[in-house]
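In: below is the sequence, then the predicted model.
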Amino acid sequence: MRIFSGIQPTGAIHIGNYAGAIQNWVRLQDEHECIFCICDYHALTTVNDGERLRRQVYEAALDLLACGLDPEKCRLFVQSQVPEHTELAWILSCCASIGELNRMTQFKEKSERSEFINAGLFTYPILMAADILLYKAELVPVGEDQLQHLEVARVFARHFNKVFGQTFPEPQSRLTAATRVMALNDPLKKMSKSIAGSTIMLTDSDDVIRRQIKRAVTDTGAQSGTMSPGVANLFNLLKIFSSPETVAHFEEQYNSGALRYGDLKKVLGDDMVAKLSVIRERRQELAQKPEMVEAILSSSAKQVRKMARQTLDEVRDKVGYSPIYSI
Ligand code: TYM
């Protein structure tokens with residue numbers, strides 16, 4: 001099975017990205033053919049500083065390799081190194097209805113936050129569909145917030161197949177145990193770089209990690225008998241960072257009414273520090289070898305570009321474009 005997923009290089013990677021997606025990427029690379037993408041074309045919808053974007057692409061590569069993506073087992077490349085993504089996006093845009101795009105909740109949220117709403121924000125799901133379909137990927141490991149985009153990717157693929165003949169598989173999603181990590185300081189909202197104080201970054205120090213967990217909101221006035229969103233969020237994180245025995249222990253305490261949030265937070269903080277400090281150290285080592293990181297990205301881009309060209313040649317032929325003149 002071929003797997004594809006991506007992340008936007010819009011700042012340091014946080015535990016929501018890790019728990020919701022990247023942890024799965026690391027697992028899946030042992031079993032399947034995996035292609036992972038640092039989506040800098042997508043990032044241009046919100047980042048408009050060339051130097052910053054370039055730096056963030058590199059930082060994302062460091063984060064992902066430090067999390068355990070292994071260049072021997074998977075491909076990790078930068079989207080703009082494979083310009084075929086944009087050509088397929090154009091072709092798919094002619095298979096995409098405005099009605100579908102209008103339904104996208106992420107566009108609504110993002111456009112409410114910005115004064116200048118660029119068209120790229122609106123057509124974003126088309127480029128995302130192109131990313132996946134270019135490699136004819138069958139499985140896409142993502143967090144819950146991307147499910148709607150994946151659903152329209154299937155609609156676009158179906159439309160193309162119907163009009164031009166069977167070409168693309170309809171990609172399915174793969175979720176982790178923590179599909180939606182919530183903001184630590186406001187557990188009714190999704191953890192996100194755009195909410196200050198909501199995250200723990202992979203690069204945060206042990207002290208910051210412990211402090212953020214200690215400060216995490218627990219009681220948010222939930223009705224008695226239901227777990228409050230803040231506590232549910234901590235249990236979610238516990239499932240990612242702690243052992244099944246620890247999870248079972250605190251679940252039992254919660255059910256018997258004996259749970260002290262302070263105890264849970266202490267264990268979660270310690271377990272998180274244990275996992276994240278390993279990633280942080282690996283990241284520091286990688287940061288000493290920028291040439292190696294560059295070499296991994298460029299070798300992956302060369303390999304995936306061959307696959308991309310193959311699909312695009314097929315697609316161009318089906319829609320009626322001639323082969324590109326060689327220069
Ligand atoms: P991005 O960069 O916002 O996030 C990368 C991955 O992290 C997941 N994620 C979360 N999971 C759980 N809880 C959270 N609070 C949380 N925040 C983020 C996201 O679901 C995602 O899996 N559009 C994509 C990037 C993309 C892509 C693709 C993904 C571009 N092309 C093709 C898959 C396939 C995005 O903005 O992810």
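Out: The structure has been received and is ready for your questions.
In: quick check, pLDDT for residue 221.
Out: For residue 221, the model assigns a pLDDT of 60.
In: ugh, typo on my part, it should be residue 326
Out: As predicted, residue 326 sits at a pLDDT of 82.
In: repeat that for residue 11.
Out: Looking at residue 11, its pLDDT reads 86.
In: what's the local residue count around residue 203?
Out: For residue 203, the count of nearby residues is 18 (other CB atoms under 10 Å). For every residue, glycine as well, the C-beta is placed using N, CA and C.
In: which residues of the stretch 151-300 of the chain lie near the ligand?
Out: 180, 181, 190, 191 (CB under 6 Å from any ligand atom).
In: please repeat the previous calculation with a cut-off of 8 Å.
Out: For the stretch 151-300 of the chain, the residues in contact with the ligand (CB under 8 Å from any ligand atom) are 153, 176, 178, 179, 180, 181, 182, 183, 190, 191, 192.
In: which of the residues you listed fall in helices?
Out: Using DSSP state H, residue 153 are the members of these that sit in helices.
In: quick check: the farthest pair among the residues of the stretch 151-300 of the chain next to the ligand?
Out: 153 and 183 (27.0 Å; CB to CB).
In: more neighbours: these two, which one.
Out: For the pair residue 153 and residue 183, the greater number of neighbours falls to residue 153 (27 against 22), based on other CB under 10 Å.
In: hang on, the more buried one packs against residue 134?
Out: No. Counting by CB atoms under 8 Å, residue 153 stays clear of residue 134, with 11.3 Å between them.
In: on that earlier part again, and the residues of the stretch 151-300 of the chain next to the ligand, which is closest to residue 15?
Out: residue 181 (6.4 Å).
In: now for the closest one: which residues touch it?
Out: Contact analysis of residue 181 by CB atoms under 8 Å, 6 or more residues apart in numbering lists 15, 16, 19, 20, 143, 190, 191, 233, 236, 237.
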